[in-house]
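Participant: Curious how this folds, go ahead:
(one chain, ligands or ions: 1)
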Amino acid sequence: MDAAGAGRGIGPSLVNQLVHDRSLRLATALAVAIAIPVAVLFYFQFRSISALSRSSDVILRQLSQETAGGVAQSLQDALKAPYINVLLRVSQAQTEPLDLGLIGPTLEQGLENEPFVQRFYVWSDQTVEHRDEVLAYDRDSHGFTTNVPEGPLLVKRFHELAPQKHAISVFEAVIDGRRTYFQGQLRFRFPARDKLTSFVALRVDAASLRREFLPAFMAARLKTVEGPTDLPRLGVTVLDHDGRVLFPVGGVAPTQFIDERVFPLVFFEPDLQPLIAPERHKPEIWRLRTSYGNQTIPAIIAARERPQRALMYMLLALLAFSVFFVARAAAREVRVAEMKSNFVSSVSHDLKTPLALIQLFAETLELGRLKSTERAHEYYRIINSEARKLTRLINNLLDFSKIEAGLRRYKREPVNLTDLTRRVLQSLDSQFRHGQYTVTSELASDVPVLIDAEAAEQALENLLSNAMKYAPDRREINVAVDRVDGYGVVRVTDHGIGIPPRLQRKIFRKFYRIQSDAGSGPQGTGLGLAIVDHVMRGHGGFVRVDSEPGRGSTFTLHFPLHAGESHGDETDSGDRGRAADVARSA
Ligand code: ADP
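Facilitator: Numbers count the residues shown, from 1 in each chain. Predicted coordinates for the structure are as follows:
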């Protein structure tokens, strides 16, 4: 889960890593195991959102279509009702002479059922009584009245229209300053149809039709229209031929309408239009439109889908993050477990090897079989060097356990870094010689620092021990002490196997070891550099590594210079040297 590694994409090295790295395998398996069901779940969830959208789309369209069609139809039915229920009936039942007793109840019922009809009229030239007289029937009289002012007009206009021989005749007139529609059902002399014999007619006031009847009718009709509650409400608008909004009263015409029904304002079956007089009569056209508050259906669906989809994407991102972190944590745990198990075997090995050597050489010396004193010296030297290795190992272990427990304290005192380095080099001299390492040094004369000498020596020893361990071929080590930018600096350079850049941060983690592919390489606990790092932080300094695989490494310890008076100072093990991170990652 290394950032640098991930950046390179899936190359052979990543595949290789996947095959060999158990923790990476576990993380990948975990991620895949979670990702597959999650992907399936989300796939179906997205599908169901789409399906829901499609069905919402259908519902909205159907509701609009059915409402537009249904309401327009029932409005037309209401407008033609007096024609069917009154005019046609009366006309068929109309006897010559007029039987007012028979007609009266039909007209009365007509007025009751058809609120927009102001008045009915009957006229006949065949009757004995009321011959050629227009009889009106309205809500005021609830009976027939004669001598209505518009009577002569009706007779005149229907007689004018009669030659067209159509049963239905319509005309408009302005009565008392009000626009009024008249519609008559005419009867002619049989069979020649050459003379108007009677008519039954109705009168409608244009203004009250628009302002009273229509709003009341629509309000009542729309009460029965029900839509889904979670979708925008369907609005219905009725416009007249001039585009004025008749319903809702005071409303505005929607710019985005879904359906529109166009129908003529007539009080009979619109199909009969060709059969009415006057033939060239063009009825007013009304429009009924349905809309969802100026929104198109796709816009409504998209707005409904948006939060759902956004939520899904958020969940997806959240899940992806959690999977990533869980997988990473799991991988880390596995890696730490692996490192710990390697640690135990490394410690055992690191303890056993020097002990075995010490035992072997000590026994040989004890038996006194050695002839040359030089040989004996050599053996003593080996025993000494192996004992130092043991000491270093045990010190590292003790230090590590103290660090882990938060108990490691550094007792700081003024020290000359050059002297300290020299001491460490001397103490390791026999190991250098035994391993045939050439050690060169460039030591500035006086580099005063305020440090815990023992801890600093241990850190430097760890670096030198690594310089030997990880440089099997070119056995040259250079050690330099100097002052750089306010720091007392010790630099250890080897020409060994080097460290890949992406691992240069990781080597300072506890237990972390770079394993060779075959697992052969040098043994170790993975604690040396973790301790070096801790020591440096504890001193307000830092450690830096510059390395190139195959060419060698340089580890540099930076201790803050001590410029003032020498005085003892005890510091916590804490994280003072945060600069270490920065420097290492640079
Ligand atoms: P150990 O040496 O016990 O494994 P360290 O903490 O000292 O543990 O080092 C961690 C890892 O860093 C080592 O396992 C090794 O892979 C790498 N390393 C440390 N020093 C060097 C070096 N001088 N050259 C190459 N690799 C090194």
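Participant: ok but Phe555 is inside a strand, no?
Facilitator: Yes - counting by DSSP: H, G, I helix; E, B strand; the rest coil, Phe555 is located in a strand.
Participant: Start at 4, not 1
Facilitator: Done: numbering now begins at 4, and the last item shifts to Phe558.
Participant: Isn't it up against Asp536?
Facilitator: No - with contact defined as Cβ atoms under 8 Å, Phe558 does not reach Asp536; the gap is 10.6 Å. For the C-beta atoms, the positions are set from N, CA and C on the backbone; glycine is no exception.
Participant: joint contacts of these two?
Facilitator: Common contacts of Phe558 and Asp536 (Cβ atoms under 8 Å, 6 or more residues apart in numbering): Val546.
Participant: More neighbours: these two, which one.
Facilitator: The residue with more neighbours, out of Phe558 and Asp536, is Phe558; 25 against 22, by other Cβ atoms under 10 Å.
Participant: any idea how far the more buried one is from Leu532?
Facilitator: 8 Å (Cβ to Cβ, to the nearest Å).
Participant: Find the residues that touch each one of the two.
Facilitator: Jointly contacting Phe558 and Leu532 under the rule Cβ under 8 Å, 6+ apart are 469, 546.
Participant: Quick check: buried residues in whichever strand or helix holds Ala223?
Facilitator: If you go by DSSP states H and E, Ala223 is part of helix 217-225. For helix 217-225, burial by neighbour count (16 or more other Cβ atoms under 10 Å) applies to 217-218, 220-221, 224-225.
Participant: and the two most separated of these?
Facilitator: Spatially, the most separated pair among the buried residues of helix 217-225 is Leu217 and Leu225, at 12.0 Å (Cβ to Cβ).
Participant: Just give me the closest of the buried residues of helix 217-225 to the ligand.
Facilitator: Leu225 (81.0 Å; Cβ to the nearest ligand atom).
Participant: Might one say that that closest one is in contact with Val239?
Facilitator: Yes - counting by Cβ under 8 Å, Leu225 touches Val239, with 6.1 Å between them.
Participant: intersection of neighbour lists for those two?
Facilitator: Residues touching both Leu225 and Val239 (Cβ under 8 Å, 6+ apart) are Val74.
Participant: Can I take it that Asn387 is in a strand?
Facilitator: No - using three-state DSSP, the assignment for Asn387 is helix, not a strand.
Participant: Quick one: distance of stretch 167-184 to the chain centre.
Facilitator: Stretch 167-184 sits 65 Å away from the centroid of its parent chain (Cα atoms, centre = their mean, to the nearest Å).
Participant: Which positions in that stretch come out as buried?
Facilitator: By neighbour count with 16+ other Cβ under 10 Å, stretch 167-184 contains the buried residues 169-174, 183-184.
Participant: Can you say which helix or strand has the closest residue to the ligand within the stretch 204-353 of the chain in it?
Facilitator: Residue of the stretch 204-353 of the chain nearest the ligand, by Cβ to the nearest ligand atom: Ser349 (6.8 Å). Taking DSSP H and E as the criterion, Ser349 maps to helix 300-370.
Participant: Quick one: mean pLDDT for that helix?
Facilitator: Across helix 300-370, the average pLDDT comes to 86.
Participant: chain center to that helix, what's the gap?
Facilitator: Between the centre of helix 300-370 and the centre of its chain there are 29 Å (Cα atoms, centre = their mean).
Participant: tell me the contacts of the closest residue to Thr528 other than its chain neighbours?
Facilitator: Once flanking residues are discounted, Thr528 sits nearest to Ser349: 5.0 Å by Cβ to Cβ, 6 or more residues apart in numbering. The neighbours of Ser349, taking Cβ under 8 Å, 6+ apart as the test, are 516, 526-529.
Participant: would you turn those residues into CSV with neighbour count?
Facilitator: Listed next are those as CSV, based on neighbours: other Cβ atoms under 10 Å:
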residue, neighbour count
Arg516, 21
Gln526, 14
Gly527, 22
Thr528, 23
Gly529, 19
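Participant: and the least confident of the residues you listed?
Facilitator: Gln526 (79).
Participant: So it sits against His352, correct?
Facilitator: Yes - counting by Cβ under 8 Å, His352 is a contact partner of Gln526 at 4.9 Å.
Participant: what about the residue located most distally from the centre of the chain, distance to Asp102?
Facilitator: Residue farthest from the centre of the chain, counting by Cα atoms, centre = their mean, is Val131 at 87.6 Å. According to Cβ to Cβ, Val131 stands 12 Å off from Asp102.
Participant: Could you count how many residues lie near the spatially closest residue to Glu389 that is not a sequence neighbour?
Facilitator: Leaving aside its sequence neighbours, Glu389 sits nearest to Pro357 (Cβ to Cβ, 6+ apart; 3.7 Å). Residues lying near Pro357 (other Cβ under 10 Å) number 20.
Participant: Next, the angle from the helix or strand hosting Ala32 to helix 300-370.
Facilitator: In this assignment (DSSP H and E), Ala32 forms part of helix 25-85. Angular relation of helix 25-85 and helix 300-370 on a 0 to 180 degree scale: 170 degrees, by axes from the mean of the first three to the mean of the last three Cα atoms, to 10 degrees.
Participant: could you say what helices and strands the helix or strand just after helix 25-85 packs with?
Facilitator: For helix 25-85, the following helix or strand on the C-terminal side (DSSP H and E) is helix 92-96. Using 3 or more Cβ pairs under 8 Å, 6 or more residues apart in numbering; DSSP states H and E, the elements in contact with helix 92-96 are helix 103-116, strand 181-191, strand 199-208.
Participant: Can you name every helix or strand that the longest one contacts?
Facilitator: Using 3+ Cβ pairs under 8 Å, 6+ apart as the contact criterion, the elements in contact with helix 103-116 are helix 25-85, helix 92-96, strand 120-127, strand 138-141.
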